[in-house]
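Enquirer: pasted the sequence and its predicted model underneath.
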Amino acid sequence: MKLKKIGILIMTLALSLGSATIYASNEESNLMEESVKDDNNQVTMEGQTLGLAEVENARQLGGYYTEDGRRIKSNMLLRSAKLVKATDEDIKKLTQDYNLGTIVDFRTTDEIADAPDPEIKGVKNEQIRVLDEDNADDSNSAAMTQIYGKDPVSGLIEMVKNGTLSDDMYVTTIKSETAQKGFSEFFKVLLNNEEEKAVLWHCTGGKDRAGIAAVLVLSALGVDEKTILDDFALTNEFYKGKIEYMGNEAAKQTDDQTIIEGVKTLSGVSRSFMEKMINTLNEEYGSVQNYIVEELGITQDEIIKLQNMYLE
């Protein structure tokens, strides 16, 4: 009888240990899966660059994983600064390596007149406004269009002094009727890309208007918020030399560190500014995707279509 009880105790202990081992194994597996998921999206210049010689901030969204485990197709969703200085080799790379089909230009009329895009055979050029260029008092437009005059450093210093630099700049933009109409048109371009060729969008610096567009696209595709913000902030890596140069030049004109840092921020991007825009949309609409549906008029079916087109 005692031996029977001992046997039962041994079996119970063995089962308990087995259960604990299985539980620990599952926990390890979950942690490993979470770790793999966290490591999936490496946001680097090397991983995203288009490798163009004379087009600044030129990169793609391809390769990022979504929260449901799918991945953005490579070489289809491209973004950059203005294309006016694109070399023949740059254009060849865009058309042959990336199979470029459409360019979306977010710049104002004056910006386009000053630095028109090159005409590329077989590539459509869509000009879409997201800033209210008729509003001369819109300091937000001034910051995004980078209208600095003959002395860009002095112009930036003046912008910082005048309060042009504001953490509300993206929130203000995304709530404007002009931006909502423009970004809605932008999504229609992506949805109407029946040949599934690459779409490249740009503004002047490829950082603010093009940056907001990238945030909206990544959100619609289901990429996590950290990756979205990391990708947005990647502009500062592409513009690292320019940002330092502008900061050094500003320091020659003022010893006010707040102004110097403001000049550097306007020369690149502020992650916290974009974080504020995303947080605002999350608070007011529940998510950025809901904003896209409610304010841009893109239906849930169209978001699913967008995901089917650009994810694998």
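Expert: Yep, it's here.
Enquirer: would M309 count as being in a strand?
Expert: No - applying DSSP: H, G, I helix; E, B strand; the rest coil, one finds M309 to be helix, outside a strand.
Enquirer: on the pLDDT front, check it for me.
Expert: pLDDT for M309: 98.
Enquirer: please report how far it lies from L100.
Expert: Distance, M309 to L100, by C-beta to C-beta, to the nearest Å: 16 Å. Yep, even glycine has a C-beta here, placed from its N, CA and C like the rest.
Enquirer: can you list the strands that the host helix or strand of I103 pairs with?
Expert: Using DSSP states H and E, I103 sits in strand 100-105. If you go by DSSP bridges, strand 100-105 pairs up with strand 124-127 (parallel), strand 198-202 (parallel).
Enquirer: reformat these as JSON lines; add mean pLDDT.
Expert: Formatted as JSON lines, the strands paired with strand 100-105 follow (pLDDT from 0 to 100):
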{"stretch": "strand 124-127", "mean pLDDT": "97"}
{"stretch": "strand 198-202", "mean pLDDT": "98"}
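Enquirer: OK, contacts around the residue positioned nearest the centre of the chain?
Expert: Nearest to the mean C-alpha position of the chain, counting by C-alpha atoms, centre = their mean, stands A214 at 3.5 Å. By C-beta atoms under 8 Å, 6 or more residues apart in numbering, the contact set of A214 is 61, 79, 231-232.
Enquirer: just give me the neighbour total for L234.
Expert: The tally of other residues near L234 (other C-beta atoms under 10 Å) stands at 22.
Enquirer: which residues touch the spatially closest residue to it that is not a sequence neighbour?
Expert: Spatially, and ignoring its direct neighbours in sequence, L234 is nearest to V43 (5.9 Å; C-beta to C-beta, 6 or more residues apart in numbering). Contact analysis of V43 by C-beta under 8 Å, 6+ apart lists 64, 227, 230-231, 234.
Enquirer: and the two most separated of those residues?
Expert: Pairwise distances across these (C-beta to C-beta) peak at 11.4 Å, for the pair Y64 and L234.
Enquirer: any idea whether the closest residue to I303 other than its chain neighbours is helix, strand or coil?
Expert: Once flanking residues are discounted, I303 sits nearest to A220: 5.4 Å by C-beta to C-beta, 6+ apart. Put simply, A220 is helix when judged by three-state DSSP.
Enquirer: measure A220 to N290 for me?
Expert: Noted for A220: a distance of 11 Å to N290, by C-beta to C-beta.
Enquirer: pick out whichever of the two has more residues nearby.
Expert: It is A220, of A220 and N290, that has more neighbours when counted by other C-beta under 10 Å, with 22 against 15.
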